[in-house]
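Chemist: pasting the sequence and the predicted coordinates here, then a few questions.
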Amino acid sequence: MDRRRFVASVGAVGVATTAGCLDDVWELVETATSFSAAPAIVSPATADEAGYDYRGTDEMVETEEFAEQPVEVTSYASRYVRTIETPLEALGEETGTETGVFGVLTTPQVTVGGETFNPVGEMSHAELAEAVQDRYDELEVDDGSIRRRTVDMLEFPITVDTFEGVARFDGDTSFDVFLDVSQPDYDGDHFVIVAVYPDDDLLEREDEASIVDTMVGGIEHGDDVDAAIDHADDATDE
């Protein structure tokens, strides 16, 4: 897998996991026809401060038939990459390697008969990290987080867990990485936040983690955010 494909896929992480957990929810839906999350992005000023480039927001629409009518769940995934200016000998490049990745997914909480169902809300951070690994063969994640920290998102504290892993590129090239995962709820939506950055001898993990924290602190959420949305109905089959 090349780096650009990896960057794009990590940004949308959690989407397949969410879709796979929706089967039980469909059976509970009787009258509602659609549920939609609001998109989330990082403010341009914050992303610029952190050195991340915005690569757009994907709209994902999952549709199921129930009682002869379509039921839709709409989620959004925003993707960012960071060019880390440091030698990464494992990649055979001197500087300017796009190895910092940040993604934020929003998916709606489904409310039926006064009860709220969260398709991925019951998953632990370790289970989400494992789901990331299962989805992408090029990423291996160790069991158990090595660090837990508290970060402010949208003016309330969330928990972020860090896992160690290995990312592989171009078949046989690999290097150590850290994977940060969080899954807070906010304003009726469930978030999945993922960040991947290299564990290189010339990088200070605390410094890169603080940059991720800056990104988390700059998250904006709502239907009025200035997101460059790639709408699902505009997509073409490959």
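Modeler: Nice, I can see it. Numbers count the residues shown, from 1 in each chain.

Chemist: just checking: what are the partner strands of the helix or strand hosting residue 180?
Modeler: In this structure, residue 180 sits in strand 173-182 according to DSSP states H and E. Paired with strand 173-182 in the same sheet, following DSSP bridges, are strand 156-169 (antiparallel), strand 189-198 (antiparallel).

Chemist: what average pLDDT does stretch 224-234 get?
Modeler: Averaging pLDDT along stretch 224-234 yields 87.

Chemist: with stretch 183-201 instead?
Modeler: 87.

Chemist: and residue 123, how far from residue 209?
Modeler: 22 Å (Cβ to Cβ, to the nearest Å). In short, each C-beta sits where N, CA and C put it, glycine included.

Chemist: just the angle for the helix or strand containing residue 75 relative to strand 189-198, thanks.
Modeler: In the assignment (DSSP H and E), residue 75 maps to strand 69-84. With axes from the mean of the first three to the mean of the last three Cα atoms, to 10 degrees applied, the angle from strand 69-84 to strand 189-198 works out at 30 degrees.

Chemist: strand 69-84 - contacts with which helices or strands?
Modeler: Contact here means 3 or more Cβ pairs under 8 Å, 6 or more residues apart in numbering; DSSP states H and E; on that basis strand 69-84 packs against helix 3-11, helix 15-20, strand 34-36, strand 40-42, strand 52-66, strand 97-108, strand 189-198, helix 205-217.

Chemist: comparing the ones you listed, which gets the lowest mean pLDDT score?
Modeler: helix 15-20 (a mean of 42).
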